[in-house]
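Colleague: Predicted coordinates and the sequence they were generated for:
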Amino acid sequence: MNANGQLHPARSVKGDGSRRRDDDDVEGRYELGQYGYGKNSVKLLHVCRDGAFHTIREYEVSTHLKLFSKKDFIVGDNKDIIATDTQKNTVYILAKKYGVESPEEFALLVCSHFLYTYRHVVEASVRVEEYPWERLQVDQQDHNHAFIFSPRAVRFCTVTQKRNAGPRIIGGLRDLRVLKTTQSAFTDFIQDEYSTLPDANDRIFSTIVTATWEYSTANDVDFDAVWKTVKECILDQFAGPPDTGIFSPSVQNTLYLAERMILDRVEQISRIDMAMPNKHYFTLDLSKFPLSIIQGENKEVYQPVDKPSGIIHAMLERKQQAMAKL
Ligand SMILES: O=c1[nH]c(=O)c2[nH]c(=O)[nH]c2[nH]1
């Protein structure tokens, strides 16, 4: 606490209360645009020990701060800098003091710590990426303290908070790679002098899904449950029931239906943005080879082609009147 009884002195305010303006270009010719600094990828393993039953969460945490003053950039005055090394230490200390809940809750905690502790921080942004550890099962029984890395999809979030404003919480999922061998077609598209792709009534559909979504609130959200629901909706719309599957007329339509299902299921999500590259598995025309080698139509051997890939993306958001009702 300082002499004025302030818990957290506003460090960019001079003794006489006026703001320092020594952060403009000396000759007034240029203006600094977006700026900020922080620590990327602070690696953290948190172990929660409940007797013999242990739970882990492993994160990479990136912290970014925007300070009121730009004097560190412009005149080389470091007095306002919260060193990136200090930011790294803060991540560990907060994890030790308060534990590690979901990525979103931990990011909210780190953001509010920086804004509360340093009055000259005008914006804090924290990204958390979670390592996909799953509890090991032995003979269908959960292991007390052993885990297996199951990289089915990477979970991440970004929380950004400006001083005197609520947090903006973005949840995310990436690297969810899926493939199905039927129930996908692509027909009826423009055929003109530039086209060579024939209609496909039954093709392989494979993609690597990325999704990011924005929460309209931080209150009473079970972030872990929401992440699972988002993943389930995407898989549901991609795969459908185990015996029959679900028909996809295009990547576009499958992507849209997944987004719609997510907005239907999770009312705290205000918008969702998804990208699905079309990872091509081309049908090989083997008809020119002798019949003694090739028996009938080839529906077994495909050619995976990584690049180029199609890329389909769309953002779906609630209309304003629907938001007002929430
Ligand atoms: O689902 C698809 N959407 C497209 O826009 C497209 N374009 C393409 O060549 N193949 C596909 N598949």
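Modeller: Structure's in. What do you need? Residues are numbered from 1 along each chain as shown.
Colleague: What residues sit buried inside stretch 275-291?
Modeller: Of the residues in stretch 275-291, those buried by neighbour count under the rule 16 or more other C-beta atoms under 10 Å are 275-281, 283. C-beta: built from backbone N, CA, C; applies to glycine.
Colleague: what's the most distant pair in those?
Modeller: The span of these, defined through C-beta to C-beta, is set by 275 and 283 at 25.0 Å.
Colleague: In the buried residues of stretch 275-291, which has the lowest confidence score?
Modeller: Per-residue confidence across the buried residues of stretch 275-291 is lowest for residue 283, with 87 (pLDDT).
Colleague: can you pull the contacts of that residue?
Modeller: For residue 283, the contact set (C-beta atoms under 8 Å, 6 or more residues apart in numbering) comprises 200, 203, 298, 302.
Colleague: coming back round to it: now, which of the buried residues of stretch 275-291 lie close to the ligand?
Modeller: Residues of the buried residues of stretch 275-291 in contact with the ligand (C-beta under 6 Å from any ligand atom): residue 278.
Colleague: From the buried residues of stretch 275-291, pick the one nearest the ligand.
Modeller: Using C-beta to the nearest ligand atom, residue 278 is the member of those that sits closest to the ligand, with 5.2 Å.
Colleague: May I have the phi/psi pair for that closest one?
Modeller: According to degrees, to the nearest 10, the main-chain angles of residue 278 amount to phi -90, psi 100.
Colleague: Please name the residues that touch the nearest residue in space to it that is not next to it in sequence.
Modeller: On the basis of C-beta to C-beta, 6 or more residues apart in numbering, the spatially nearest residue to residue 278 that is not a chain neighbour turns out to be residue 310, at 3.3 Å. Each residue near residue 310 by C-beta under 8 Å, 6+ apart is listed here: 251, 277-278, 280.
Colleague: Save these as JSON lines, and put in secondary structure too.
Modeller: As requested, the contacts of residue 310 are exported to JSON lines (DSSP: H, G, I helix; E, B strand; the rest coil):
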{"residue": "251", "secondary structure": "helix"}
{"residue": "277", "secondary structure": "strand"}
{"residue": "278", "secondary structure": "strand"}
{"residue": "280", "secondary structure": "strand"}
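Colleague: that older thread, would TSV of the buried residues of stretch 275-291 with distance to residue 107 be doable?
Modeller: Converted to TSV, those look like this (distance: C-beta to C-beta, whole Å):
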residue	distance to residue 107
275	22
276	26
277	27
278	32
279	31
280	36
281	38
283	45
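Colleague: For the closest residue to the ligand within the stretch 51-200 of the chain, give its distance to residue 136.
Modeller: With distances taken as C-beta to the nearest ligand atom, the stretch 51-200 of the chain approaches the ligand most closely at residue 186, which sits 4.2 Å away. Using C-beta to C-beta, to the nearest Å, residue 186 is found at 41 Å from residue 136.
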